[in-house]
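**Q** can you look at this prediction? I've put the sequence above it.
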Amino acid sequence: MSTSPGETALLLVNPASGRGRALKHWEATAAALHEVGFAPTVHITENLAEATTRAANAAAGSLVAVLGGDGFLGAAAAGARESGAVLLALAGGSGNDTTRRLGLALDPVKAVHSIPGLLAGDVDLGIVNGRPFLGVANVGFDALANELGNRARLNLGPLVYLYGGIKALWQWRNVSFTVEVDGKTRSFVGWLVAVGNAGQYGGGLRIAPCARVDDGLLDVVSLGTASIPGVVAMFLRSYRGTHLSQRHVSFVRGSEVRIRASKPLNIYADGELVGALPAHIRVLPAALKVLVPAGSPVFGPTC
Ligand SMILES: Nc1ncnc2c1ncn2[C@@H]1O[C@H](COP(=O)(O)OP(=O)(O)OP(=O)(O)O)[C@@H](O)[C@H]1O
């Protein structure tokens, strides 16, 4: 992205992200924005909705740098979609999965210094029950792990999701899911349904490893009646994205997804609680512009 001296930019900071990680880094991040030619206005937000409003009120084509986690980034993306502002994801959260998946530096200062070499790519936005998301919408065992991780008292960084997953293994009981993808319905008993846009969650789990943000499609990955060792194996393999060929894992791509379950379950998106099933998930192709490095892993052919 080319910049001219004194160019306006917003820096949105979630003081709660990463249990204080964003707060720790915002001053150095603002200074780095100055160094690359911006005159940033900093907003330390009061809540998630403020990220949406601030990004929605930004000038079209202006930079909105988002220092927070996946949930905060998703909220800002919802606003940038309305204004036409260009988003920069800065890792200030616990998992920072979408920032990682886009291929950006995890050090916010380094990411800002890389701006002159970044490109503004058109990125799809997922919408689950009316709420926009960039990364993954998920329901089942992984959503329970997310919920239990959010309740952890200790500051565990990305390990918070591992902690949540271990706790969830003892609590989860398989459910009967009905999943419709572009009109084709499948019912199965199992562990989870994850709908990927950027496709990564949980601090490094590439649950939908073939997901691209520029294909106008969602990658739907389900896990059926695997044993506990089978589930653990799947999650371990998902760090490398090699789990799709595993028994009980199914993968289908489409633009509209409906999910129901045999008992009340909550669906999460970008690590945030959306609400209860049923869920209707769709994709808005090329909905917003996001800064990415050339050769970003979620643009162009993946697998
Ligand atoms: N002042 C605030 N501004 C914005 N969000 C806030 C604020 N206080 C608490 N939150 C909560 O922060 C959560 C979003 O956190 P965020 O995604 O930025 O970080 P994280 O959960 O630590 O990281 P990750 O999602 O990458 O694992 C939301 O649930 C939101 O309600």
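**A** Sure, I can see it. The structure presented is a predicted model; accordingly, all values stated were derived computationally and were not measured. Residues are numbered from 1 along each chain as shown.
**Q** tell me the residue of the protein that sits nearest the ligand?
**A** residue 69 (2.1 Å; Cβ to the nearest ligand atom). Just so you know, the C-beta spots here come from the backbone N, C-alpha and C atoms, and that holds for glycine as well.
**Q** I'd say that residue and residue 90 touch.
**A** No - contact criterion Cβ atoms under 8 Å: residue 69 and residue 90 do not qualify, at 10.3 Å.
**Q** the more surrounded of those two?
**A** Between residue 69 and residue 90, counted using other Cβ atoms under 10 Å, the more crowded position is residue 90 (33 against 27).
**Q** tell me the pLDDT at the more buried one?
**A** pLDDT for residue 90: 98.
**Q** that one against residue 114, yeah?
**A** No - here residue 90 lies out of contact with residue 114, judged by Cβ under 8 Å, at a distance of 10.9 Å.
**Q** does residue 180 belong to a helix, a strand or coil?
**A** strand (DSSP: H, G, I helix; E, B strand; the rest coil).
**Q** ok, it - contacts?
**A** By Cβ atoms under 8 Å, 6 or more residues apart in numbering, the contact list for residue 180 reads 186, 257-259.
**Q** how about 7 Å then?
**A** Applying Cβ atoms under 7 Å, 6 or more residues apart in numbering, we find residue 180 in contact with 257-258.
**Q** cool, and the one 5 residues further on?
**A** If a contact means Cβ under 7 Å, 6+ apart, then residue 185 has residue 178 as its contacts.
**Q** just confirm it is within a strand.
**A** Yes - checked against three-state DSSP, residue 185 lies within a strand.
**Q** what bridges to it?
**A** Counting by DSSP bridges, residue 185 is bridged to residue 180.
**Q** how about residue 82: what's its closest non-neighbour residue?
**A** Leaving out its chain neighbours, the residue that sits closest to residue 82 by Cβ to Cβ, 6 or more residues apart in numbering is residue 56, at 4.3 Å.
**Q** ok, the one you found - contacts?
**A** So residue 56 contacts 79, 82-83 (Cβ under 7 Å, 6+ apart).
**Q** so which of the residues you listed is the most crowded?
**A** Most surrounded of the contacts of residue 56: other Cβ under 10 Å gives residue 79, at 25 neighbours.
**Q** what does the worst-scoring helix or strand of the chain on mean pLDDT rub up against?
**A** Of all regular secondary-structure elements in the chain, judged by mean pLDDT, DSSP states H and E, the least confident is helix 159-171 with a mean of 88. With Cβ under 7 Å, 6+ apart as the test, helix 159-171 has contacts from 94-95, 141, 144-146, 148-149, 152, 156, 202-203, 228, 235.
**Q** circling back: on the pLDDT front, check the residue nearest to residue 82 for me.
**A** pLDDT, residue 56: 98.
**Q** and the one 3 residues further on, by the same measure?
**A** At residue 59 the predicted local distance difference test score is 96.
**Q** which stretches of this structure have low pLDDT?
**A** When residues are selected by pLDDT under 70, those of the chain lie in 2-5, 157-158.
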